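A.B. asks: My questions concern the predicted model and sequence given below.
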Amino acid sequence: MSRPLLRAEGIIINENRTEILVQCDVDERFYRLPGGTIELEETAEEAIKRELIEEFELSVDIGELACVNESIIQYDGRKQHHCTLIHWCSIHEKIEHDLIHNENPNVKLVWRTISQLSERPFYPEGILDVVVENSNNISHIKIRKNYD
């Protein structure tokens with residue numbers, strides 16, 4: 001197993017609280033929160049901002065920590081251990097169409113409703129409950145799973 005990976009992701013909800021901005025492949029086989037790996041000497045907040053600017057040219061404001069996710073999984077025969085700091089975030093600009101990833105045209109950022117997110121895998125597992133609950137308490141999701 002390689003070393004654990006430290007990540008940061010953002011929960012971005014529209015002003016009506018009816019949709020969440022999520023990242024997915026073009027076929028929308030799954031959804032996940034936008035963000036990425038935290039680099040050396042970078043905070044989680046800085047990583048979320050950097051990743052969204054690099055990948056989608058999207059500027060975000062970072063709010064409070066919503067959740068810590070620990071995922072120890074096996075996928076495609078490889079073991080992975082991720083620890084992700086997930087923050088509430090907001091945007092000022094209006095996004096009316098899908099945003100295509102600047103480095104990977106097979107990835108996009110889209111608005112989806114809670115019911116749409118319930119229909120396909122949404123990672124990390126359990127994050128939809130955190131979003132729906134929307135409390136001031138910091139959640140801690142622990143996942144230990146084999147996806148092979």
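C.D. replies: Looks like it arrived, so ask away.
A.B. asks: Just the residues contacting the biggest helix by length in the chain, thanks.
C.D. replies: Secondary structure of the chain per DSSP state H: the longest helix is helix 44-56. Applying CB atoms under 8 Å, 6 or more residues apart in numbering, the contact partners of helix 44-56 are 7-10, 34-39, 42, 58-60, 62, 65, 85, 87, 89, 99, 101-103, 107, 109. For every residue, glycine as well, the C-beta is placed using N, CA and C.
A.B. asks: could you point out which element follows that helix?
C.D. replies: Going down the chain from helix 44-56, the next helix or strand is strand 61-75, by DSSP states H and E.
A.B. asks: quick one: contacts for the spatially most central residue of the chain?
C.D. replies: Nearest residue to the geometric centre of the chain (CA atoms, centre = their mean): residue 33, 1.7 Å. Applying CB under 8 Å, 6+ apart to residue 33 gives the contacts 9, 10, 11, 22, 23, 86, 123, 124, 127.
A.B. asks: so of the contacts of helix 44-56, which ones are in strands?
C.D. replies: 7-10, 35-37, 62, 65, 85, 87, 89, 99, 107, 109 (DSSP state E).
A.B. asks: Among those, find me the one that's closest to residue 16.
C.D. replies: residue 89 (16.3 Å; CB to CB).
A.B. asks: neighbours around that closest one, how many?
C.D. replies: As a burial measure, residue 89 scores 25 neighbours (other CB atoms under 10 Å).
A.B. asks: likewise residue 81?
C.D. replies: 14.
A.B. asks: Pull out the buried positions in stretch 19-26.
C.D. replies: Buried residues in stretch 19-26, defined by neighbour count with 16 or more other CB atoms under 10 Å: 19, 20, 21, 22, 23, 24.
A.B. asks: Isn't the fifth one up against residue 112?
C.D. replies: No: at 10.4 Å, residue 23 and residue 112 do not qualify as touching, with contact defined as CB atoms under 8 Å.
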